[in-house]
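S.K.: one predicted model, sequence on top.
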There are 2 protein chains.
Amino acid sequence: MADDDSLNATFAALAHPTRRAILTRLAKGSANVNTLAEPFEMSLPAVSNHIRVLEQAGLISREKDAQFRLCKLETRPLQEISNWTDQYRHIWDARFGVMGALLRNMKDTD
Amino acid sequence: MADDDSLNATFAALAHPTRRAILTRLAKGSANVNTLAEPFEMSLPAVSNHIRVLEQAGLISREKDAQFRLCKLETRPLQEISNWTDQYRHIWDARFGVMGALLRNMKDTD
DNA sequence: TATTTAATTAAAGGATAGTTTAATAAAGAA
DNA sequence: TTCTTTATTAAACTATCCTTTAATTAAATA
């Protein structure tokens, strides 16, 4: 299981909508900093800082290419929080009963 | 899908190890504030504050019983972040290939 | 070399988070 | 009623977060 510090950093990084939006964008493919910043109203240093937070949490990696920094989504911390939430799954299964389990199963096999 | 504000509050609440520990404890059964505070070195008001954060994120509910406040785990926000991470699942599946998918499937059918 | 493009670092300020001690509230028990 | 237990609120402080503008670095290009 992921350690405490890793979960702290991951959850904290995901708690900001701008950072989640950056991850959503990166799910469609890697991009450099200016491209990632473009949809947002805030300044470039502000976005650069959000990217730094994501990188420190391990949610993205950066590859240097001339002046460009190509940012790439890293899924490991996402898997870790998925594993973390799984520890509560039996509780919501128990509360919502077989129905919920069936619906989830249908979704899994789509 | 959960809205932005709900995800902000949930992720922020989960970013603190004390609050995750409280949820872990509540997974074993409901408890009042003093009981929840007992394992921690910090003051009671500090724990009370963490509980308030958890409640505002919808991760727990509180039932009043005389001077006691019985805290209960609520799973909905946990399901919401599980759904949120699911949107990236195809990416880690693609990266780690069939192997990962099989391992996950084995775990599901345990 | 001078200029432009991409991005980070620095400095600063306001807002929020986490914690403490002290005070207060609310209910039960002596 | 007075005391005790359970819990919250208030006040204060430090630290961290988010953001801005200005300055700087690094690389490509004219």
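M.R.: Arrived safely. Numbering: from 1, shown residues only, chains lettered A, B, ... in the order given.

S.K.: hey, let's count contacts and neighbours off CA atoms from now on
M.R.: Noted.

S.K.: give the buried residues for stretch A:78-89.
M.R.: A:Leu78, A:Gln79, A:Glu80, A:Ile81, A:Ser82, A:Trp84, A:Thr85, A:Tyr88, A:Arg89 (16 or more other Cα atoms under 10 Å in any protein chain shown).

S.K.: for A:Leu44, which non-adjacent residue is spatially closest?
M.R.: Excluding the flanking residues, the one nearest A:Leu44 by Cα to Cα, 6 or more residues apart in numbering or on different chains is A:Ala37, at 6.3 Å.

S.K.: circling back: ok, and of the buried residues of stretch A:78-89, which contact chain B?
M.R.: A:Leu78, A:Gln79, A:Ile81, A:Ser82, A:Thr85, A:Tyr88 (Cα under 8 Å from any Cα of the partner chain).

S.K.: these into CSV, with extra columns for pLDDT, secondary structure and distance to B:Ala31?
M.R.: Output for these, formatted as CSV (pLDDT from 0 to 100; DSSP: H, G, I helix; E, B strand; the rest coil; distance: Cα to Cα, whole Å):
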residue, pLDDT, secondary structure, distance to B:Ala31
A:Leu78, 97, helix, 30
A:Gln79, 96, helix, 30
A:Ile81, 97, helix, 25
A:Ser82, 96, helix, 26
A:Thr85, 97, helix, 21
A:Tyr88, 96, coil, 17
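
S.K.: re the thing from before, hmm, the residue nearest to A:Leu44 is touching A:Pro45, no?
M.R.: No. Using Cα atoms under 8 Å, A:Ala37 is not in contact with A:Pro45; the gap is 9.3 Å.
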